[in-house]
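K.L.:
Everything below, folded, please.
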Amino acid sequence: MKPHPPAGLSQGIILGVVDQQEVFEEKRPYLRYTLKRRRIVPDLDLGQVRRTRTAGDLARKVREKANSGARFSLARSGDRIGQVTFWTGEGRERKEHKINLTDPQGLFLYHLPFPNAEPLSIDDILRKAGVGEKLAPEILDIVGVLIRRDAIEAEPA
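P.N.:
Presented below is the predicted three-dimensional model:
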């Protein structure tokens with residue numbers, strides 16, 4: 001029966017970082033490992049990780065949800081939302097969860113339509129808030145969080 005290398009070492013063998021030798025002492029074989037390289041310099045192409053968004057993401061219409069239980073607090077400057085607060089649980093088990101917003105997120109949420117207003121597309125709110133489209137992934141992230149927390153409602157594009 002041939003011994004198997006531990007999971008981490010098998011990847012090192014595949015990558016050429018670790019060398020494996022099967023050694024026999026008396027009747028039992030075992031594996032001996034030695035380093036082939038002492039230094040590894042990773043090369044990561046983060047451009048491949050970039051999330052692609054569809055045109056439908058920015059065309060989605062959103063607005064604040066009525067009676068959501070979330071509190072949108074103004075920043076000190078008064079021209080944007082600084083944080084959103086949620087509460088979960090009941091009674092003594094009640095917990096407060098705060099999301100501190102970046103400036104572009106705060107500007108976007110400041111221009112989010114009220115529950116009694118007509119929903120606007122994310123793209124329209126970005127323009128109204130003066131937030132560049134290159135920051136759209138950051139805005140889409142907070143919109144996704146707030147939809148999951150039932151603080152805003154969204155209509156399909």
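
K.L.:
for the protein, what's the longest helix?
P.N.:
For the chain, the longest helix by residue count, based on DSSP state H, is helix 136-148.

K.L.:
What's the local residue count around residue 131?
P.N.:
Number of residues near residue 131 (other CB atoms under 10 Å) recorded here: 20. For glycine as for every other residue, the C-beta is placed from the backbone atoms N, C-alpha and C.

K.L.:
which residues touch it?
P.N.:
Shown in contact with residue 131 (CB atoms under 8 Å, 6 or more residues apart in numbering): 104, 107, 108, 139.

K.L.:
ok but it is inside a helix, no?
P.N.:
No - looking at residue 131 with DSSP: H, G, I helix; E, B strand; the rest coil, it is coil, so not inside a helix.

K.L.:
Could you measure from it over to residue 152?
P.N.:
With distances taken as CB to CB, to the nearest Å, residue 131 is found 16 Å from residue 152.

K.L.:
which stretches of this protein aren't confidently modelled?
P.N.:
The model of the chain has pLDDT under 70 over residues 1-9, 14, 49-55, 157.

K.L.:
Which stretches in it count as strands?
P.N.:
In the chain, strands defined by DSSP state E lie at 18-25, 28-35, 61-64, 71-74, 81-88, 95-100, 120-121, 152-155, listed in chain order.

K.L.:
quick one, which of these is packed in tightest?
P.N.:
Mean neighbour count (mean count of other CB atoms under 10 Å) peaks for strand 61-64 among the strands of the chain, with a mean of 19.
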